[in-house]
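Peer 1: Make a model of this:
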Amino acid sequence: MVVCKRLSLLVRVALLTLGTSSKEFTEKAKNATALLYSQDASGSMRMHCTATAFEKTKTGYQFVSAAHCIGSDDTQKERVAEYRRIPFYITFDETDLKTFYAAKVVAVGYQHRGDDFAIFELSTDEQWPTIPIGDERKEEEGNAVLNIASPLGLGRQVFHGNISKLELDRPIVQGDINWKGSVLLQMPGTDGGSSGSAIISEEQEAIVAFLVGTIGGSTITAIPASRFTEFRQRISEGKYKWVVKDEDQ
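Peer 2: Sure thing, here's the model as predicted:
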């Protein structure tokens with residue numbers, strides 16, 4: 001009986017520890033998540049999508065969102081959208097007085113080939129958490145995921161779901177959309193404004209995909225993190241032929 005009591009106590013302690021860790025990580029993910037805005041000629045601010053801080057730089061941070069949040073492909077010239085003439089901003093959506101940080105677009109993917117990514121960089125002395133890039137190939141179907149997003153611009157919200165399919169093998173390609181090979185998810189709360197938000201593995205505590213849309217209004221599609229890693233590698237090597245160069249604008 002004494003042994004059973006001790007085991008029971010150990011189980012309760014373990015569960016409490018796990019719950020605290022999970023709660024702390026959820027708060028970290030929320031604090032690494034921001035809203036992406038642009039400013040028009042009149043000075044009005046327009047919310048586009050959700051972005052996540054994934055890397056600290058020497059002068060600030062890099063955030064990732066979706067390419068379709070800031071423009072459409074130029075399919076005639078087979079290149080990404082002309083985006084750099086628009087001023088973009090990142091905000092953590094503070095309750096009282098919102099702070100907007102100027103964000104520079106540093107890389108955008110060509111959506112038609114499935115690279116629905118946009119990377120932003122901003123300079124700041126402030127300290128924020130980041131969520132690292134993981135690998136969806138380490139996951140299994142049914143695994144739990146976390147998503148922080150701002151559907152309909154209603155502010156950062158916490159959602160939980162699971163991976164229903166690790167790789168979509170149907171050729172869903174139409175216009176800018178290319179979702180072949182996407183990760184499929186079952187998760188509530190997705191709507192306009194959620195695009196670009198991170199799908200975070202609760203096991204890896206890292207980003208394993210990026211939300212880009214839904215199929216049939218219920219199945220969520222997300223571009224896998226491994227594709228984002230490859231995209232960044234090709235950008236850094238100067239081998240990404242779809243990028244818009246300064247002289248092209």
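Peer 1: what element comes up after the helix or strand of the chain with the lowest mean pLDDT heading to the C-terminus?
Peer 2: Scoring the helices and strands of the chain by mean pLDDT, DSSP states H and E places helix 2-31 at the bottom, with a mean of 58. Toward the C-terminus, helix 2-31 is succeeded by strand 33-39 as the next helix or strand (DSSP states H and E).
Peer 1: Report the inter-axis angle for the helix or strand that that following strand is followed by versus strand 33-39.
Peer 2: In the C-terminal direction, the helix or strand that comes right after strand 33-39 (DSSP H and E) is strand 45-56. Comparing the axes of strand 45-56 and strand 33-39 via axes from the mean of the first three to the mean of the last three C-alpha atoms, to 10 degrees yields an angle of 130 degrees.
Peer 1: Now do strand 45-56, average pLDDT.
Peer 2: For strand 45-56, mean pLDDT rounds to 94.
Peer 1: Sheet-wise, list the partners of that strand with their directions.
Peer 2: If you go by DSSP bridges, strand 45-56 pairs up with strand 33-39 (antiparallel), strand 60-65 (antiparallel).
Peer 1: Name the residues that touch that strand?
Peer 2: By C-beta atoms under 8 Å, 6 or more residues apart in numbering, the surrounding residues in contact with strand 45-56 are 32-40, 61-66, 69-70, 89-90, 100, 120, 128-133, 148-150, 153, 156, 193-198, 207, 211. All C-beta atoms are positioned from the backbone trio N, CA, C, and that covers glycine.
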